[in-house]
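Student: coordinates only, sequence not included:
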């Protein structure tokens, strides 16, 4: 698969500047993008889990309050 001309030219220039192969630059970019996606997905899951725990705690407190009444 061939990249559009402008993107290819930029990648080639980056390769010359960094001394890294074009494949290496693409691999690094993909790894960085996937890492950011995974990090945000993990963060979202942690937030959702925390919210479920808060909701469960609120339910228990409300139930205990109803029993005390």
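Tutor: Structure received. These figures come from a predicted structure and were not determined experimentally.
Student: ok, longest helix in the chain?
Tutor: helix 22-68 (DSSP state H).
Student: may I ask which helix or strand encompasses residue 16?
Tutor: helix 5-18 (DSSP states H and E).
Student: and the pLDDT for residue 62?
Tutor: Looking at residue 62, its pLDDT is 92.
Student: number of residues surrounding it?
Tutor: 10 (other CB atoms under 10 Å). Every C-beta, even on glycine, is put in place using the N, C-alpha and C of the backbone.
Student: re earlier: packing partners of the longest helix of the chain?
Tutor: Here helix 22-68 touches helix 5-18, going by 3 or more CB pairs under 8 Å, 6 or more residues apart in numbering; DSSP states H and E.
Student: quick one: the helix it packs on to helix 22-68, angle?
Tutor: If you take axes from the mean of the first three to the mean of the last three CA atoms, to 10 degrees, helix 5-18 sits at 100 degrees to helix 22-68.
Student: for helix 5-18, buried residues please.
Tutor: Residues of helix 5-18 classed as buried by neighbour count (16 or more other CB atoms under 10 Å): 11, 15.
Student: heads up, I number from 361, so please use that
Tutor: Shifting the count to begin at 361 puts that one at helix 365-378.
Student: run a quick neighbour tally on residue 400.
Tutor: 10.
Student: for residue 426, that is, sorry about that
Tutor: What residue 426 shows, counting by other CB under 10 Å, is a neighbour count of 8.
Student: for residue 419, see how far away it is.
Tutor: 11 Å (CB to CB, to the nearest Å).
Student: returning to what we had before: and the longest helix of the chain, how far out from the chain's middle?
Tutor: Helix 382-428 has its C-alpha centroid displaced from the chain centroid by 10 Å (CA atoms, centre = their mean, to the nearest Å).
Student: need the per-residue pLDDT for residue 368.
Tutor: 92.
Student: got it, and the one 4 residues further on?
Tutor: For residue 372, the pLDDT comes out at 95.
Student: okay, now the unreliable bits of the chain?
Tutor: 361-363, 429 (pLDDT under 70).
Student: and the residue nearest the centre of it?
Tutor: Ranked by distance to the mean C-alpha position of the chain (CA atoms, centre = their mean), the top residue is residue 397 at 2.3 Å.
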